[in-house]
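Student: the following comprises the amino acid sequence and a computationally predicted model.
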Amino acid sequence: MTDLANSFRTQPDERGHFGQFGGRYVAETLMPLILDLEKEYRAAKADPAFKAEFDSLMAHYVGRPSPLYFAERLTEHFGGGQIWFKREELNHTGAHKINNCIGQILLAIRMGKTRIIAETGAGQHGVATATVCARFGLPCVIYMGSTDVARQQPNVFRMKLLGAEVIPVESGAKTLKDAMNEAMRDWVANVHDTFYIIGTAAGPHPYPELVRDFQSVIGKEARAQMLERTGKLPDLLLAAVGGGSNAIGLFHPFLDDPEVAMVGVEAGGHGVETDKHAASLTGGSPGVLHGNKTYLLQDEDGQIIEAHSISAGLDYPGIGPEHSWLHDIGRVKYLPINDDEALEAFQLCCRLEGIIPALESAHALAALPKVAKEYGKDQMILVNVSGRGDKDIFTVADALGAKI
Amino acid sequence: MSRFESAFGKGRPALVCFITAGDGDTAANLDALVAGGADVIELGMPFTDPMADGPAIQAANLRALAKGTTTADILALAAGFRARHPEVPLVLMGYANPMIHRGADWFAAEAAKAGVDGVICVDIPPEEDAELGPQLRAAGLNMIRLATPTTDAARLPAVLDGSGGFLYYVSVAGITGKQQAAIDSIEQAVARLKASTDLPVAVGFGVRTPGQAEAIARVADGVVVGSAFIDIVAEHGEEAAAPLKELTAALAKAVHNARETVA
Ligand SMILES: Cc1ncc(COP(=O)(O)O)c(C=O)c1O
């Protein structure tokens, strides 16, 4: 056991701060609700019945545990460390997002809320939210930037099939950031009956903490599965970072294992040296947006700069506050991967492993050519395949100049 | 006596007028508000992501930014206003990130130098006061806080702690420019707030017409109007001063005389 003073797993503090990051930067209207949510979350966390219901839904509805898979042909291809996948793409709805949605809808029901709202970028969180709303019979409104509505048509239709109302957002760059603004505007006007299911480990405290806790099922399983299959912990963890929920979910249970290195992969878009990327740690600076203090893409006046990524789920100018902290203290390294590298990795994974990864997850896979060689054949690299890529086939076809 | 004390100490309710800096001919528009009878000016600092604002003020923010409005421009507008109107209290209102980006100390010092009297920051609740409040107070500026229909009795002392100038009661849980709250709920809320503070209480969100303003002025120390002015700037562009003055005059008449017409 690591002693508490040296643990990386005791954040945030009681005010929701991860070092200088996090916090509760929200309008006064929302503040009482946020405090209420925190109280309810503490009570739920201490309630064995809450955990039992969460675990049962994870097992029988989501299909957990998700497999741990040895990617033999990719390992051969790169000729370095062994490559293993945590198969979150096999979850119900096709991504890790459902883990968090199950947790939050149980909280919403506990709090007596009767209406659910959410923002979505790639549509994966929107689909997962629409799914749990259908399952629990609650009305659901999803805000989605109109640019994303256009590039994620399959998911838009899935949300509608599941009974959700999808509202296209026309402000700003019409992507995830703008969807989040609009969701917050809805929330502030409907606090009395509405629960906002935030889709990533960001936003005002306690969201970064509770989303991380729900997503930590990924890392807890992976840790146990690794030990059972190989008798060892992995040497390196790789995960894509949009807001950071799949990454923190994988990383958090390993943070106090000093032998486990971790790399979070940011979306480098056309390159971090250009003005078209979404790498807030590599190319941004600390600031306040969407209820928390964190690294942001911003100009010299603190105006937020639009992000760019081929992957709608990574196309966000901020990042969850715990990642900002882990970056500053150096426990996790963050690496930008460009659109073209992600496309390459997407195709390689399809052909060598028979797995079509989400474009988000393809960013994590695209770190392999850069890092695999640094590891020996008896060392293990664990990649979080956070979602499946069916939703992305139109984007990829377009990028490759193919017609479907 | 501070400018706020004079503005709220005229023996009648005060009219508080909001426009967005950099949207239209801002200096001329500010002069028009004062000429029309505004008692306090709130100058909005445009932000790319105005999460608490409705479509009208969102659009004003984007228009101002599209014209290249910078923090330096806003401070220059404030300094110019102060030179032309030595008596009228001036408040900067906006979101945290542009205020703290160069450091809260820097912002507080520059705002004080420009003759600003107070700051309203939408997304810094009392829980995060350390981010901006101490720096403002050290520079002699008022941190003007918002109270809302969700601010319960338990929270109110925290909201009032460290706040100054006046208390801004946001009469609806929602974004700017939308519906108005029922007058009796406003009356109850203002009474509750005034039982806990000596600060003047100004009520805003959803106030557009002289009739609405008059009803609120009967029960509050001040009335805040924003989106109705923003709509005029949106419609008239660089030529908004005359219609702004006209609306301000109508609102000022309604607000200033509200208590006399009751009897
Ligand atoms: C499959 C998948 N992976 C990753 C992400 C990025 O989000 P996060 O960083 O919260 O995991 C998304 C977001 O939509 C996603 O759909």
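Tutor: Yep, it's here.
Student: lowest mean pLDDT among the helices and strands of chain A, which one is it?
Tutor: helix A:146-151 (a mean of 89; mean pLDDT, DSSP states H and E).
Student: ok, residues contacting that helix?
Tutor: Helix A:146-151 is touched from outside by A:120-123, A:156, A:166, A:168-170, A:173-176, A:179, A:312, A:315, A:394-395, with contacts defined as C-beta atoms under 8 Å, 6 or more residues apart in numbering or on different chains. Every C-beta, even on glycine, is put in place using the N, C-alpha and C of the backbone.
Student: among those, name the buried ones.
Tutor: Using 16 or more other C-beta atoms under 10 Å in any protein chain shown as the burial test, the contacts of helix A:146-151 include A:120-123, A:156, A:166, A:168-169, A:173-176, A:179, A:312, A:315, A:395 as buried.
Student: contact residues of the stretch 1-150 of chain B facing chain A?
Tutor: Residues of the stretch 1-150 of chain B found near chain A (C-beta under 8 Å from any C-beta of the partner chain) are B:47-54, B:58, B:62, B:65, B:70-71, B:95-102, B:122-125, B:127-128, B:131, B:145-150.
Student: sort out for me which of the contacts of helix A:146-151 are in helices.
Tutor: Among these, DSSP state H puts A:Val156, A:Leu176, A:Ala179, A:Phe394, A:Thr395 in helices.
Student: what's the closest of those to the ligand?
Tutor: A:Leu176 (8.0 Å; C-beta to the nearest ligand atom).
Student: can you give me the strands for the stretch 201-350 of chain A?
Tutor: All strands of the stretch 201-350 of chain A, identified by DSSP state E, counting those that start in this stretch, fall at A:236-240, A:261-269, A:285-289, A:291-296, A:333-338.
Student: what angle do the third one and strand A:291-296 make?
Tutor: Meaning strand A:285-289. Interaxial angle, strand A:285-289 versus strand A:291-296 (axes from the mean of the first three to the mean of the last three C-alpha atoms, to 10 degrees): 150 degrees.
Student: same for strand A:285-289, what does it pack against?
Tutor: strand A:291-296, helix B:96-100 (3 or more C-beta pairs under 8 Å, 6 or more residues apart in numbering or on different chains; DSSP states H and E).
Student: where does chain B dip in pLDDT?
Tutor: B:261-263 (pLDDT under 70).
Student: for the residue of chain B found nearest the ligand, give me its contacts.
Tutor: At 18.9 Å from the ligand, B:Asp49 is the closest residue in chain B, using C-beta to the nearest ligand atom. B:Asp49 makes contacts with A:Gly172, A:Lys177, A:Asn181, A:Leu289, A:His290, A:Ile304, B:Tyr95, as judged by C-beta under 8 Å, 6+ apart.
Student: one step back: let's have the ones in helices among the contacts of helix A:146-151 in JSON lines, adding distance to the ligand and pLDDT.
Tutor: Output for the ones in helices among the contacts of helix A:146-151, formatted as JSON lines (distance: C-beta to the nearest ligand atom, whole Å; pLDDT from 0 to 100):
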{"residue": "A:Val156", "distance to the ligand": "14", "pLDDT": "96"}
{"residue": "A:Leu176", "distance to the ligand": "8", "pLDDT": "91"}
{"residue": "A:Ala179", "distance to the ligand": "11", "pLDDT": "96"}
{"residue": "A:Phe394", "distance to the ligand": "15", "pLDDT": "91"}
{"residue": "A:Thr395", "distance to the ligand": "13", "pLDDT": "92"}
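Student: my read is A:Met144 is in a strand, agree?
Tutor: Yes - with DSSP: H, G, I helix; E, B strand; the rest coil as the criterion, A:Met144 is assigned to a strand.
Student: need the pLDDT of it.
Tutor: For A:Met144, the pLDDT comes out at 97.
Student: tell me what it is bridged to.
Tutor: Beta-bridge partners for A:Met144, by DSSP bridges, are A:Thr120, A:Pro168.
Student: does the ligand have contacts with stretch A:294-313?
Tutor: Yes - using C-beta under 6 Å from any ligand atom, stretch A:294-313 reaches the ligand at A:Gly313.
Student: in that stretch, which residues are buried?
Tutor: Neighbour-count burial for stretch A:294-313, counted by 16+ other C-beta under 10 Å, picks out A:294-298, A:301-313.
Student: so how far is the first residue of that stretch from its last?
Tutor: From its first residue to its last, stretch A:294-313 covers 18 Å (C-alpha to C-alpha, to the nearest Å).
Student: quick check: mean pLDDT of that stretch?
Tutor: Taken as a whole, stretch A:294-313 has a mean pLDDT of 96.
Student: what residues of stretch B:138-155 count as buried?
Tutor: Buried, per 16+ other C-beta under 10 Å, within stretch B:138-155: B:139, B:141-151, B:155.
Student: sorry, slip of the keys, the one I care about is stretch A:75-85.
Tutor: A:Thr75, A:His77, A:Phe78, A:Gly80, A:Gly81, A:Gln82, A:Ile83, A:Trp84, A:Phe85.
Student: what do you get for stretch B:218-233?
Tutor: By neighbour count with 16+ other C-beta under 10 Å, stretch B:218-233 contains the buried residues B:219-233.
Student: before we move on, what about stretch A:342-356?
Tutor: A:Ala342, A:Leu343, A:Glu344, A:Ala345, A:Phe346, A:Leu348, A:Cys349, A:Leu352, A:Glu353, A:Ile355, A:Ile356.
Student: the last one and A:Val385 touch, don't they?
Tutor: No - in this structure, A:Ile356 sits apart from A:Val385 without contact. The criterion is C-beta atoms under 8 Å, and the distance is 10.1 Å.
Student: got the residues of the stretch 301-404 of chain A near the ligand?
Tutor: Taking C-beta under 6 Å from any ligand atom, the part of the stretch 301-404 of chain A that reaches the ligand is made up of A:Gly313, A:Leu314, A:Ala358, A:Glu360, A:Ser361, A:Ser386, A:Gly387.
Student: need phi/psi at the nearest residue to the third one once chain neighbours are set aside.
Tutor: Once its chain neighbours are removed from consideration, A:Ala358 has its nearest residue in A:Gly387; the separation is 3.5 Å (C-beta to C-beta, 6 or more residues apart in numbering or on different chains). Dihedral angles of A:Gly387 (phi, psi; degrees, to the nearest 10) stand at phi -160, psi 170.
Student: contacts only, for A:Gly387.
Tutor: Going by C-beta under 8 Å, 6+ apart, A:Gly387 touches A:88-89, A:94-97, A:122, A:124, A:313, A:357-358, A:360-361.
Student: what about it, distance to A:Asn181?
Tutor: 24 Å (C-beta to C-beta, to the nearest Å).
Student: my guess is A:Ala108 contacts A:Ile116, does it?
Tutor: Yes - look at A:Ala108 against A:Ile116 with C-beta under 8 Å: they come within range, at 6.3 Å.
Student: which neighbours do these two have in common?
Tutor: Contact criterion C-beta under 8 Å, 6+ apart; residues shared by A:Ala108 and A:Ile116: A:Leu138, A:Phe195, A:Ile197.
Student: looking at these, spot the one nearest the ligand.
Tutor: A:Ile197 (12.8 Å).
Student: need the pLDDT of A:Leu4.
Tutor: As predicted, A:Leu4 sits at a pLDDT of 66.
Student: picking that back up, flag whichever of the contacts of B:Asp49 scores worst on pLDDT.
Tutor: A:Gly172 (76).
Student: tell me who's in contact with that one.
Tutor: A:Gly145, A:Asp178, A:Asn181, A:Glu306, B:Thr48, B:Asp49.
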